[in-house]
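Show me how the following folds:
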Amino acid sequence: MTDQNPVFIPGPTNMPDRLRRALQVQTQDHRAPDFVDTFAPVLTDTLKVFGSTAGKVITFPASGTGGWEAAICNTLSPGDKVLVGRYGVFSHRWIDMCQRHGLDVQIVDVPWGQGAPADRFAEILAADTAHEIRAVLTTHNETATGVRSDIAAVRAAMDGADHPALLFVDCVSSLASMPFEFDAWGVDIAVGGSQKGFMLPTGMAILCVSPKALEAMETAKLPRTFFDFRDMMKANATGGFPYTPPLQLIYGMRESLTMLFEEGLENVYARHFRLAEGVRRAVDAWGLHLVAKTPDLYSHTVSAVCVPEGFDSNALTDHAYRAYKVSFGVGLGELNGKAFRIGHLGSLTDVMVLSGLATIEMAMADLNYPITLGSGVAAAQEYYRHSSAVALKSAA
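Numbers count the residues shown, from 1 in each chain. Reported below is the predicted structural model:
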(Lines give C-alpha, C1' and ligand atoms only; values in the text may rest on other atoms or scores of the structure.)
Protein backbone atom coordinates (compact mmCIF):
# COMPACT_ATOMS: atom_id res chain seq x y z
CA MET A 1 0.00 0.00 0.00
CA THR A 2 2.98 2.33 0.37
CA ASP A 3 2.89 3.14 -3.32
CA GLN A 4 -0.27 5.18 -2.60
CA ASN A 5 1.76 7.81 -0.76
CA PRO A 6 2.06 11.02 -2.78
CA VAL A 7 5.47 12.27 -3.82
CA PHE A 8 6.66 15.75 -2.92
CA ILE A 9 9.41 16.06 -5.48
CA PRO A 10 9.16 18.79 -8.12
CA GLY A 11 8.65 16.26 -10.89
CA PRO A 12 7.70 13.80 -12.10
CA THR A 13 4.56 14.68 -10.19
CA ASN A 14 1.66 12.63 -8.86
CA MET A 15 -0.45 11.15 -11.63
CA PRO A 16 -4.24 11.21 -11.19
CA ASP A 17 -6.02 7.91 -11.83
CA ARG A 18 -7.94 9.66 -14.59
CA LEU A 19 -4.70 10.24 -16.48
CA ARG A 20 -3.38 6.79 -15.80
CA ARG A 21 -6.52 5.37 -17.37
CA ALA A 22 -6.15 7.72 -20.35
CA LEU A 23 -2.68 6.28 -20.96
CA GLN A 24 -3.96 2.72 -21.01
CA VAL A 25 -5.00 2.60 -24.64
CA GLN A 26 -4.47 -0.17 -27.13
CA THR A 27 -1.91 0.32 -29.87
CA GLN A 28 -3.31 2.42 -32.69
CA ASP A 29 -2.18 3.39 -36.15
CA HIS A 30 -0.58 6.82 -35.96
CA ARG A 31 -0.69 7.01 -39.75
CA ALA A 32 -4.43 6.41 -39.91
CA PRO A 33 -6.34 9.31 -41.49
CA ASP A 34 -8.33 10.00 -38.31
CA PHE A 35 -5.27 10.40 -36.04
CA VAL A 36 -5.29 14.08 -36.92
CA ASP A 37 -8.59 14.37 -35.05
CA THR A 38 -6.78 13.39 -31.86
CA PHE A 39 -3.45 15.12 -32.32
CA ALA A 40 -4.31 18.50 -33.85
CA PRO A 41 -6.52 19.64 -30.92
CA VAL A 42 -3.73 18.77 -28.48
CA LEU A 43 -1.41 21.23 -30.22
CA THR A 44 -4.10 23.92 -30.40
CA ASP A 45 -5.15 23.59 -26.77
CA THR A 46 -1.57 23.49 -25.47
CA LEU A 47 -1.06 26.89 -27.08
CA LYS A 48 -3.62 28.29 -24.62
CA VAL A 49 -1.57 27.05 -21.67
CA PHE A 50 1.46 28.91 -23.01
CA GLY A 51 -0.61 32.09 -23.19
CA SER A 52 -0.17 32.47 -26.92
CA THR A 53 -2.16 32.90 -30.06
CA ALA A 54 0.78 33.73 -32.36
CA GLY A 55 3.13 30.87 -31.48
CA LYS A 56 3.29 27.32 -32.77
CA VAL A 57 3.41 24.31 -30.46
CA ILE A 58 5.95 21.64 -31.40
CA THR A 59 6.44 18.44 -29.38
CA PHE A 60 9.18 15.83 -29.34
CA PRO A 61 9.46 12.43 -27.64
CA ALA A 62 11.97 13.65 -25.04
CA SER A 63 12.36 15.27 -21.65
CA GLY A 64 12.69 19.02 -21.26
CA THR A 65 16.40 18.66 -21.97
CA GLY A 66 15.52 17.53 -25.48
CA GLY A 67 13.40 20.65 -25.78
CA TRP A 68 16.39 22.80 -24.85
CA GLU A 69 18.45 21.11 -27.55
CA ALA A 70 15.71 21.58 -30.12
CA ALA A 71 15.52 25.30 -29.31
CA ILE A 72 19.26 25.75 -29.73
CA CYS A 73 19.94 23.63 -32.80
CA ASN A 74 17.00 24.95 -34.83
CA THR A 75 17.83 28.63 -34.44
CA LEU A 76 21.58 29.07 -33.91
CA SER A 77 24.88 28.39 -35.68
CA PRO A 78 28.30 27.34 -34.39
CA GLY A 79 30.09 30.29 -32.81
CA ASP A 80 26.91 32.30 -32.21
CA LYS A 81 26.97 34.31 -29.01
CA VAL A 82 24.30 33.76 -26.36
CA LEU A 83 23.69 35.49 -23.04
CA VAL A 84 22.72 33.36 -20.04
CA GLY A 85 22.22 33.96 -16.33
CA ARG A 86 23.45 31.18 -14.05
CA TYR A 87 21.47 30.99 -10.81
CA GLY A 88 20.81 27.29 -10.32
CA VAL A 89 21.43 23.77 -11.56
CA PHE A 90 19.08 23.95 -14.52
CA SER A 91 20.29 27.29 -15.83
CA HIS A 92 23.81 25.84 -15.55
CA ARG A 93 22.82 22.76 -17.54
CA TRP A 94 21.51 24.94 -20.34
CA ILE A 95 24.86 26.74 -20.34
CA ASP A 96 26.67 23.41 -20.53
CA MET A 97 24.54 22.36 -23.49
CA CYS A 98 25.27 25.59 -25.35
CA GLN A 99 28.98 25.18 -24.78
CA ARG A 100 28.89 21.58 -26.04
CA HIS A 101 27.20 22.85 -29.21
CA GLY A 102 30.09 25.22 -29.88
CA LEU A 103 28.26 28.42 -28.97
CA ASP A 104 30.00 31.44 -27.47
CA VAL A 105 28.32 31.66 -24.07
CA GLN A 106 28.45 34.88 -22.07
CA ILE A 107 27.56 33.94 -18.50
CA VAL A 108 26.23 36.24 -15.80
CA ASP A 109 26.72 34.51 -12.47
CA VAL A 110 24.08 35.28 -9.87
CA PRO A 111 23.99 34.10 -6.24
CA TRP A 112 21.71 31.11 -5.83
CA GLY A 113 18.43 32.26 -4.37
CA GLN A 114 18.14 35.16 -6.78
CA GLY A 115 16.55 35.25 -10.22
CA ALA A 116 17.33 36.23 -13.78
CA PRO A 117 19.57 39.34 -13.74
CA ALA A 118 17.45 41.62 -15.93
CA ASP A 119 19.45 44.71 -14.91
CA ARG A 120 22.76 43.12 -15.93
CA PHE A 121 21.20 41.86 -19.16
CA ALA A 122 20.12 45.42 -19.91
CA GLU A 123 23.69 46.72 -19.50
CA ILE A 124 25.24 43.95 -21.58
CA LEU A 125 22.69 44.20 -24.38
CA ALA A 126 22.97 47.98 -24.52
CA ALA A 127 26.74 47.64 -24.90
CA ASP A 128 26.33 45.06 -27.69
CA THR A 129 25.83 47.67 -30.41
CA ALA A 130 26.93 45.21 -33.11
CA HIS A 131 24.16 42.84 -32.01
CA GLU A 132 26.50 39.87 -31.73
CA ILE A 133 24.33 38.27 -29.06
CA ARG A 134 21.85 36.08 -30.88
CA ALA A 135 19.80 34.80 -27.96
CA VAL A 136 19.11 35.41 -24.28
CA LEU A 137 18.41 32.24 -22.29
CA THR A 138 16.52 32.27 -19.00
CA THR A 139 14.92 29.84 -16.59
CA HIS A 140 11.46 30.97 -15.50
CA ASN A 141 11.29 28.70 -12.47
CA GLU A 142 14.63 27.41 -11.18
CA THR A 143 13.67 24.03 -9.79
CA ALA A 144 16.85 23.68 -7.72
CA THR A 145 16.33 26.87 -5.72
CA GLY A 146 12.57 27.46 -5.77
CA VAL A 147 13.08 30.82 -7.48
CA ARG A 148 10.68 32.32 -10.01
CA SER A 149 12.23 34.91 -12.34
CA ASP A 150 10.52 37.93 -13.86
CA ILE A 151 10.49 37.15 -17.58
CA ALA A 152 8.62 40.38 -18.37
CA ALA A 153 11.56 42.29 -16.85
CA VAL A 154 14.01 40.39 -19.06
CA ARG A 155 11.94 41.30 -22.12
CA ALA A 156 11.83 44.93 -20.96
CA ALA A 157 15.65 44.90 -20.69
CA MET A 158 15.92 43.61 -24.25
CA ASP A 159 13.42 46.11 -25.57
CA GLY A 160 15.06 48.94 -23.65
CA ALA A 161 18.34 48.15 -25.39
CA ASP A 162 16.49 47.86 -28.71
CA HIS A 163 18.21 44.49 -29.13
CA PRO A 164 17.00 41.91 -31.69
CA ALA A 165 18.17 38.81 -29.79
CA LEU A 166 15.82 35.88 -29.41
CA LEU A 167 14.42 35.14 -25.95
CA PHE A 168 14.40 31.48 -24.87
CA VAL A 169 12.71 30.47 -21.61
CA ASP A 170 12.81 27.19 -19.71
CA CYS A 171 9.34 26.86 -18.16
CA VAL A 172 9.50 23.13 -17.45
CA SER A 173 8.53 23.44 -13.77
CA SER A 174 6.15 26.37 -14.15
CA LEU A 175 4.01 25.67 -17.22
CA ALA A 176 0.43 24.60 -16.39
CA SER A 177 1.04 25.53 -12.74
CA MET A 178 1.85 29.25 -12.79
CA PRO A 179 0.82 31.95 -15.26
CA PHE A 180 2.93 32.01 -18.40
CA GLU A 181 2.45 34.78 -20.96
CA PHE A 182 4.33 33.79 -24.10
CA ASP A 183 2.94 36.58 -26.29
CA ALA A 184 2.82 39.33 -23.67
CA TRP A 185 6.38 38.65 -22.51
CA GLY A 186 7.74 38.50 -26.05
CA VAL A 187 9.14 34.99 -25.67
CA ASP A 188 10.54 33.36 -28.80
CA ILE A 189 10.88 29.77 -27.59
CA ALA A 190 9.47 28.36 -24.36
CA VAL A 191 10.37 24.82 -23.31
CA GLY A 192 8.10 22.67 -21.15
CA GLY A 193 7.67 19.00 -20.38
CA SER A 194 4.91 16.49 -19.74
CA GLN A 195 6.00 15.38 -16.28
CA LYS A 196 5.22 18.38 -14.07
CA GLY A 197 2.17 20.61 -14.37
CA PHE A 198 0.64 18.30 -16.97
CA MET A 199 0.83 15.41 -14.44
CA LEU A 200 2.04 12.85 -17.00
CA PRO A 201 5.11 10.62 -17.23
CA THR A 202 8.33 12.03 -18.58
CA GLY A 203 8.68 11.68 -22.33
CA MET A 204 7.22 14.66 -24.13
CA ALA A 205 9.16 17.89 -24.65
CA ILE A 206 6.65 20.66 -25.35
CA LEU A 207 7.77 23.86 -27.06
CA CYS A 208 6.06 27.05 -28.11
CA VAL A 209 7.88 28.79 -30.95
CA SER A 210 7.37 32.35 -32.21
CA PRO A 211 7.30 33.41 -35.87
CA LYS A 212 10.62 35.19 -35.27
CA ALA A 213 12.23 31.97 -34.06
CA LEU A 214 10.84 30.07 -37.04
CA GLU A 215 12.41 32.66 -39.31
CA ALA A 216 15.78 32.19 -37.58
CA MET A 217 15.52 28.50 -38.40
CA GLU A 218 16.15 29.29 -42.07
CA THR A 219 19.72 30.47 -41.45
CA ALA A 220 20.67 28.27 -38.47
CA LYS A 221 23.62 25.99 -39.16
CA LEU A 222 23.72 23.73 -36.12
CA PRO A 223 22.96 20.14 -37.18
CA ARG A 224 19.61 18.64 -36.29
CA THR A 225 17.77 15.55 -37.42
CA PHE A 226 15.57 14.10 -34.70
CA PHE A 227 14.87 17.61 -33.37
CA ASP A 228 14.29 19.35 -36.70
CA PHE A 229 11.37 21.79 -36.40
CA ARG A 230 10.78 21.67 -40.14
CA ASP A 231 10.31 17.91 -40.28
CA MET A 232 7.99 17.97 -37.28
CA MET A 233 5.87 20.87 -38.51
CA LYS A 234 5.54 19.37 -41.99
CA ALA A 235 4.27 16.10 -40.55
CA ASN A 236 2.08 17.82 -37.95
CA ALA A 237 0.32 19.81 -40.66
CA THR A 238 -1.48 16.64 -41.72
CA GLY A 239 -1.82 15.25 -38.21
CA GLY A 240 1.25 13.05 -38.34
CA PHE A 241 4.79 12.66 -37.01
CA PRO A 242 8.05 12.31 -38.96
CA TYR A 243 8.71 9.15 -36.93
CA THR A 244 6.79 7.02 -34.43
CA PRO A 245 5.07 9.29 -31.89
CA PRO A 246 4.55 8.62 -28.16
CA LEU A 247 0.90 7.67 -28.63
CA GLN A 248 0.10 7.04 -24.97
CA LEU A 249 1.47 10.44 -23.99
CA ILE A 250 -0.54 12.16 -26.70
CA TYR A 251 -3.72 10.56 -25.39
CA GLY A 252 -2.66 11.46 -21.87
CA MET A 253 -1.98 15.04 -22.93
CA ARG A 254 -5.47 15.27 -24.39
CA GLU A 255 -6.96 14.23 -21.05
CA SER A 256 -4.60 16.45 -19.05
CA LEU A 257 -5.65 19.51 -21.03
CA THR A 258 -9.29 18.60 -20.53
CA MET A 259 -8.71 18.42 -16.76
CA LEU A 260 -6.88 21.75 -16.69
CA PHE A 261 -9.63 23.49 -18.64
CA GLU A 262 -12.35 21.91 -16.51
CA GLU A 263 -10.71 23.36 -13.41
CA GLY A 264 -9.96 26.58 -15.27
CA LEU A 265 -6.41 27.82 -15.72
CA GLU A 266 -6.93 30.75 -13.36
CA ASN A 267 -8.16 28.31 -10.70
CA VAL A 268 -5.18 26.04 -11.38
CA TYR A 269 -2.83 28.96 -10.79
CA ALA A 270 -4.73 30.04 -7.66
CA ARG A 271 -4.56 26.50 -6.29
CA HIS A 272 -0.81 26.38 -6.77
CA PHE A 273 -0.38 29.72 -5.04
CA ARG A 274 -2.54 28.46 -2.19
CA LEU A 275 -0.61 25.21 -1.77
CA ALA A 276 2.74 27.03 -1.93
CA GLU A 277 1.70 29.65 0.60
CA GLY A 278 0.68 26.97 3.07
CA VAL A 279 4.12 25.38 2.70
CA ARG A 280 5.80 28.75 3.21
CA ARG A 281 3.78 29.32 6.41
CA ALA A 282 4.96 25.92 7.64
CA VAL A 283 8.61 26.74 6.90
CA ASP A 284 8.29 29.97 8.88
CA ALA A 285 6.72 28.09 11.80
CA TRP A 286 9.65 25.66 11.84
CA GLY A 287 12.03 28.59 12.16
CA LEU A 288 13.66 27.71 8.85
CA HIS A 289 14.02 29.79 5.70
CA LEU A 290 13.78 29.35 1.97
CA VAL A 291 16.64 29.53 -0.49
CA ALA A 292 14.73 32.21 -2.44
CA LYS A 293 15.91 35.54 -1.07
CA THR A 294 12.74 37.62 -1.26
CA PRO A 295 8.98 36.95 -1.49
CA ASP A 296 8.75 38.26 -5.06
CA LEU A 297 11.02 35.37 -6.08
CA TYR A 298 9.04 32.61 -4.38
CA SER A 299 8.07 29.78 -6.68
CA HIS A 300 4.53 28.46 -6.49
CA THR A 301 5.58 24.96 -7.54
CA VAL A 302 8.64 24.12 -5.41
CA SER A 303 10.08 25.41 -2.15
CA ALA A 304 13.77 24.84 -1.41
CA VAL A 305 14.24 24.86 2.37
CA CYS A 306 17.61 25.44 4.04
CA VAL A 307 18.42 23.08 6.91
CA PRO A 308 20.09 24.41 10.08
CA GLU A 309 23.87 24.49 10.38
CA GLY A 310 25.24 21.09 11.30
CA PHE A 311 22.44 19.09 9.68
CA ASP A 312 22.59 17.13 6.41
CA SER A 313 19.56 17.56 4.16
CA ASN A 314 20.38 14.33 2.33
CA ALA A 315 20.12 12.39 5.58
CA LEU A 316 16.73 14.02 6.12
CA THR A 317 15.27 13.10 2.73
CA ASP A 318 16.73 9.59 2.98
CA HIS A 319 15.14 9.14 6.41
CA ALA A 320 11.77 10.42 5.25
CA TYR A 321 11.81 7.85 2.46
CA ARG A 322 13.06 4.91 4.50
CA ALA A 323 10.91 5.53 7.58
CA TYR A 324 7.73 6.87 5.98
CA LYS A 325 7.99 5.94 2.28
CA VAL A 326 7.54 9.55 1.14
CA SER A 327 9.89 11.27 -1.33
CA PHE A 328 11.08 14.86 -1.07
CA GLY A 329 13.51 16.65 -3.37
CA VAL A 330 17.19 16.54 -2.49
CA GLY A 331 19.45 19.58 -2.60
CA LEU A 332 21.12 19.97 -5.98
CA GLY A 333 24.47 21.52 -6.89
CA GLU A 334 25.55 24.12 -4.34
CA LEU A 335 22.61 23.11 -2.16
CA ASN A 336 23.61 19.44 -1.88
CA GLY A 337 23.37 18.56 1.79
CA LYS A 338 22.24 22.08 2.66
CA ALA A 339 18.60 22.17 1.54
CA PHE A 340 15.68 19.91 0.73
CA ARG A 341 12.86 20.67 -1.67
CA ILE A 342 9.13 20.31 -1.30
CA GLY A 343 7.39 19.98 -4.64
CA HIS A 344 3.82 21.29 -4.48
CA LEU A 345 2.65 21.17 -8.08
CA GLY A 346 0.43 19.11 -10.29
CA SER A 347 -2.16 16.79 -8.80
CA LEU A 348 -2.18 17.97 -5.18
CA THR A 349 -4.73 19.24 -2.68
CA ASP A 350 -4.53 20.99 0.69
CA VAL A 351 -4.97 17.65 2.45
CA MET A 352 -2.21 16.00 0.44
CA VAL A 353 0.20 18.85 1.16
CA LEU A 354 -0.61 18.62 4.86
CA SER A 355 0.37 14.95 4.77
CA GLY A 356 3.72 15.89 3.27
CA LEU A 357 4.33 18.60 5.86
CA ALA A 358 3.46 16.19 8.66
CA THR A 359 5.83 13.59 7.23
CA ILE A 360 8.83 15.88 6.89
CA GLU A 361 8.12 17.22 10.39
CA MET A 362 8.26 13.68 11.79
CA ALA A 363 11.51 13.06 9.92
CA MET A 364 13.02 16.29 11.28
CA ALA A 365 11.90 15.42 14.81
CA ASP A 366 13.42 11.94 14.44
CA LEU A 367 16.74 13.54 13.54
CA ASN A 368 16.59 16.08 16.39
CA TYR A 369 16.00 19.19 14.30
CA PRO A 370 15.25 22.25 16.45
CA ILE A 371 11.56 22.31 15.53
CA THR A 372 8.32 21.80 17.43
CA LEU A 373 6.45 18.78 16.14
CA GLY A 374 3.17 19.90 14.59
CA SER A 375 4.07 23.58 14.34
CA GLY A 376 4.38 23.68 10.57
CA VAL A 377 1.28 21.59 10.00
CA ALA A 378 -0.71 23.85 12.33
CA ALA A 379 0.46 26.98 10.51
CA ALA A 380 -0.52 25.50 7.14
CA GLN A 381 -3.85 24.28 8.53
CA GLU A 382 -4.65 27.74 9.82
CA TYR A 383 -3.90 29.24 6.43
CA TYR A 384 -5.85 26.65 4.45
CA ARG A 385 -8.84 26.93 6.79
CA HIS A 386 -9.14 30.69 6.51
CA SER A 387 -8.12 31.34 2.92
CA SER A 388 -10.17 31.15 -0.23
CA ALA A 389 -8.77 29.90 -3.52
CA VAL A 390 -11.20 32.15 -5.37
CA ALA A 391 -10.04 35.23 -3.49
CA LEU A 392 -6.42 34.35 -4.20
CA LYS A 393 -6.73 34.20 -7.98
CA SER A 394 -5.17 37.60 -8.47
CA ALA A 395 -2.24 36.74 -6.21
CA ALA A 396 -1.10 33.92 -8.48
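
rest of the way, CA atoms for contacts and neighbours
OK.

Do a quick rundown of the strands in this structure.
56-60, 81-86, 104-109, 133-139, 141-142, 147-148, 166-170, 189-193, 205-209, 289-290, 302-306, 339-343 (DSSP state E).

what would the ones you listed look like in a markdown table with distance to Gly239, mean neighbour count and mean pLDDT?
Converted to a markdown table, the strands of the chain look like this (distance: least, Cα to Cα, whole Å; neighbours: other Cα atoms under 10 Å; pLDDT from 0 to 100):
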| stretch | distance to Gly239 | mean neighbour count | mean pLDDT |
| --- | --- | --- | --- |
| strand 56-60 | 12 | 23 | 97 |
| strand 81-86 | 34 | 23 | 97 |
| strand 104-109 | 37 | 16 | 98 |
| strand 133-139 | 31 | 24 | 98 |
| strand 141-142 | 32 | 30 | 96 |
| strand 147-148 | 35 | 30 | 98 |
| strand 166-170 | 26 | 25 | 98 |
| strand 189-193 | 21 | 31 | 98 |
| strand 205-209 | 16 | 26 | 98 |
| strand 289-290 | 45 | 20 | 98 |
| strand 302-306 | 36 | 27 | 98 |
| strand 339-343 | 35 | 28 | 98 |
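
between those strands, which one is nearest to Phe328?
Closest of these to Phe328 is strand 339-343, at 5.8 Å (criterion: Cα to Cα).

quick revisit: between the strands of the chain, which one is nearest to Val330?
In terms of Cα to Cα, the element of those nearest to Val330 is strand 339-343, at 4.9 Å.

For that closest one, which helices and strands make contact with it?
The helices and strands touching strand 339-343, judged by 3 or more Cα pairs under 8 Å, 6 or more residues apart in numbering; DSSP states H and E, are strand 302-306, helix 313-324.

Could you check the pLDDT of the one residue sitting closest to the centre of the chain?
When Cα atoms, centre = their mean is applied to the chain, the residue found nearest the centroid is Ser173 (1.6 Å). Note on Ser173: pLDDT of 97.

same thing with Ala396?
Among the per-residue scores, Ala396 shows a pLDDT of 44.

Same question for Met1.
58.

Quick one: the helices in the stretch 151-300 of the chain, in order.
151-160, 211-216, 229-236, 247-263, 265-286 (DSSP state H, counting those that start in this stretch).

okay if I get the ones you listed as a markdown table plus distance to Ala62?
What follows is those, written out as a markdown table (distance: least, Cα to Cα, whole Å):
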| stretch | distance to Ala62 |
| --- | --- |
| helix 151-160 | 25 |
| helix 211-216 | 20 |
| helix 229-236 | 14 |
| helix 247-263 | 11 |
| helix 265-286 | 25 |
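
Of those helices, which stretch is the most buried?
Mean neighbours per residue, mean count of other Cα atoms under 10 Å, is largest over these for helix 265-286, with a mean of 23.

which secondary structure elements does it contact?
Using 3+ Cα pairs under 8 Å, 6+ apart, the elements in contact with helix 265-286 are strand 302-306, helix 350-366, helix 375-386.

hang on, the earlier thing: can I get the strands of the chain in JSON lines with distance to His272?
Formatted as JSON lines, these follow (distance: least, Cα to Cα, whole Å):
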{"stretch": "strand 56-60", "distance to His272": "24"}
{"stretch": "strand 81-86", "distance to His272": "26"}
{"stretch": "strand 104-109", "distance to His272": "29"}
{"stretch": "strand 133-139", "distance to His272": "19"}
{"stretch": "strand 141-142", "distance to His272": "14"}
{"stretch": "strand 147-148", "distance to His272": "13"}
{"stretch": "strand 166-170", "distance to His272": "19"}
{"stretch": "strand 189-193", "distance to His272": "17"}
{"stretch": "strand 205-209", "distance to His272": "21"}
{"stretch": "strand 289-290", "distance to His272": "17"}
{"stretch": "strand 302-306", "distance to His272": "10"}
{"stretch": "strand 339-343", "distance to His272": "11"}
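
Any idea how many residues pack against the nearest residue to Ser347 once chain neighbours are set aside?
Nearest residue to Ser347 in three dimensions, chain neighbours excluded: Asn14, at 5.7 Å (Cα to Cα, 6 or more residues apart in numbering). Neighbourhood size, Asn14 [other Cα atoms under 10 Å]: 25.

wait, isn't Asn14 in contact with Pro201?
No - with contact defined as Cα atoms under 8 Å, Asn14 does not count as touching Pro201 (9.3 Å).

thinking again about what came up before, if we compare the strands of the chain, which one ends up closest to Phe8?
Proximity to Phe8 (Cα to Cα) singles out strand 339-343 among the strands of the chain, at 4.6 Å.

Give me the distance from the closest one to the chain's centre.
Between the centre of strand 339-343 and the centre of its chain there are 15 Å (Cα atoms, centre = their mean, to the nearest Å).

One more: stretch 296-314?
On Cα atoms, centre = their mean, the centre of stretch 296-314 falls 17 Å from that of its chain.

just stretch 113-129 next, same as before
A distance of 22 Å separates the centroid of the chain from that of stretch 113-129, by Cα atoms, centre = their mean.

try stretch 219-230
Put simply, stretch 219-230 sits 24 Å off its chain's centre (Cα atoms, centre = their mean).

now do stretch 354-373
Here the centre of stretch 354-373 is set off from its chain's centre by 27 Å, with Cα atoms, centre = their mean.

What are the contacting residues of it?
Applying Cα atoms under 8 Å, 6 or more residues apart in numbering, the contact partners of stretch 354-373 are 6, 8, 279, 282, 286-287, 308, 311, 316, 319-320, 323-324, 326, 374, 376-377, 380-381.

is Gly192 in a bridge, and if so with what?
Beta-bridge pairing for Gly192 (DSSP bridges): Ile206.

What separation is there between it and Phe60?
To Phe60, Gly192 is 11 Å away according to Cα to Cα, to the nearest Å.

Cheers, nothing more for now.
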